[in-house]
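Visitor: could you look at this predicted model? Sequence included:
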Amino acid sequence: MPGQFNLSVDEAVAEAQEAAGLGLPGVILFGIPPKKDARASGAYDAEGIVQEAVTAIKKGARDLLVVTDVCLCEYTDHGHCGVVEGQEIVNDATLGLLAKSAVSHARAGADIVAPSDMMDGRVAAIRRALDEAGFAETPILSYAAKYASAFYRPFREAAQSTPRFGDRRSHQMDPANAREALREVALDIEEGADIVMIKPALPYLDVILKVRERFDVPVAAYHVSGEYAMLAAAAERRFIDRDRALLESLVSIRRAGADLIVTYFAKEAARILRRS
Ligand SMILES: [Zn+2]
C-alpha cells in the first residue's frame, strides 16, 4: 500500500511520537513475528515483537494510548486465527492462547487489548484471564462485528496472514446481514467488552448507526486497508481530490456514530485539520 510500512520497534517509537505530536490519541499495534508456527508462540511470548514495541512506545510516547491487536493469524504458519486440527479451527483451544496473548500485552504495558478473531467466547475468556492476572482495569475493545470482506486484502498481504487453506468465512459475518451484527455486539458486551468495533467502516455505516443507537458503550469503526487503498489509488490517478475525499470518508464514519476511528489516514487527517 502506498505510504504504509512495516516498522521495527525503533521505527514504531518514532512513528508513535510523531502521532502524539499531531494530537492523535492512540495507536494500535499488529505484530509480525520473526518465526511463525502452528501454536502461534510469537503471540504470547513476553519478548515478542508487540510486547517489546508496547513497552518501548509507552516509554517514548507516554501520553499515547497503546492498543494491541489480539489474534493468532499473524503468528500461525497456516495463517488461521486459531489452533487448527485437520481442516478445522478449534475454538476452545484457541481461547486459551488468545487469553495468554492479551495478558502478555497488558503485562508489557498495553492500555487496551483488542481481540479481532471473532471466536465464540473470547471476550469472556480474555476478561477472566486479565482479571486473574491483576489487570481488572484493562479495557477490552472487541472487534464485535467483523464482516467477511473483500476490503481486507492489502493488510493480509502486508501481514502475510492470508490463510494457507480455506478462508475466514466460518467465523466472519455475511455482508448481507445487519441483525447478526447486533447479536454479536450484544454478546460481546455481555461477555465484558468495553468498546465494540465494526469492521470495515464505509460499506457498513448502517451497522455503525444501528449499534450506536442500540448500545451505550463507545463504538469504534475500522476503516480498513482496502478502503484506504481504493481512495489512495483514485486520488493518485486524480479521479478524486485526496484531502477532501479522505476527510469526507472520516466525517461519514463519525456521522454514522463512531466514537473512535482506526484509519491509515490518521496522521494525514490530523495534518489537514491543523491546516484548516
Ligand atoms: Zn486473525
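Guide: Happy to help now that I have it. Numbering: from 1, shown residues only.

Visitor: name the nearest residue to residue 7, sequence neighbours excluded.
Guide: Distances taken as Cβ to Cβ, 6 or more residues apart in numbering place residue 15 nearest to residue 7, at 6.0 Å, with adjacent residues excluded. Every C-beta, even on glycine, is put in place using the N, C-alpha and C of the backbone.

Visitor: mind checking how far whichever strand or helix holds that neighbour is from the chain centre?
Guide: Taking DSSP states H and E as the definition, residue 15 sits inside helix 9-21. A distance of 18 Å separates the centroid of the chain from that of helix 9-21, by Cα atoms, centre = their mean, to the nearest Å.

Visitor: give the other helices and strands that that helix contacts.
Guide: strand 26-29, helix 49-60, helix 266-275 (3 or more Cβ pairs under 8 Å, 6 or more residues apart in numbering; DSSP states H and E).

Visitor: kindly recompute the last result at 6 Å.
Guide: helix 49-60 (3 or more Cβ pairs under 6 Å, 6 or more residues apart in numbering; DSSP states H and E).

Visitor: contacts for the helix it packs on?
Guide: 9, 12-13, 16-17, 29, 31, 33, 66, 68, 104, 108-110 (Cβ atoms under 6 Å, 6 or more residues apart in numbering).

Visitor: contacting residues around residue 208?
Guide: Neighbours of residue 208 in contact, by Cβ under 6 Å, 6+ apart: 198, 221, 256, 257, 258.

Visitor: please repeat the previous calculation with a cut-off of 7 Å.
Guide: 198, 219, 221, 253, 256, 257, 258 (Cβ atoms under 7 Å, 6 or more residues apart in numbering).

Visitor: does the first one touch residue 221 like I think?
Guide: In other words, residue 198. Yes. Here residue 198 reaches residue 221: they are 5.3 Å apart, a contact under Cβ atoms under 7 Å.

Visitor: the contacts of helix 49-60, buried ones only, as a PyMOL selection?
Guide: Of these, the buried ones go into a single PyMOL selection, burial set by 16 or more other Cβ atoms under 10 Å:
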select buried, resi 12+13+16+29+31+33+66+68+104+108+110
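
Visitor: looking at the contacts of helix 49-60, which is nearest the ion?
Guide: Nearest to the ion, judged by Cβ to the ion, of the contacts of helix 49-60 is residue 31 at 11.7 Å.

Visitor: what separation is there between that closest one and residue 40?
Guide: 11 Å (Cβ to Cβ, to the nearest Å).

Visitor: please enumerate the strands of this structure.
Guide: 26-29, 65-70, 83-85, 88-90, 112-115, 141-146, 195-199, 219-223, 260-263 (DSSP state E).

Visitor: to the ion, which of the ones you listed lies closest?
Guide: With Cβ to the ion, the closest approach to the ion among these belongs to strand 65-70: 8.3 Å.

Visitor: could you give the angle of the closest one to helix 49-60?
Guide: 180 degrees (axes from the mean of the first three to the mean of the last three Cα atoms, to 10 degrees).
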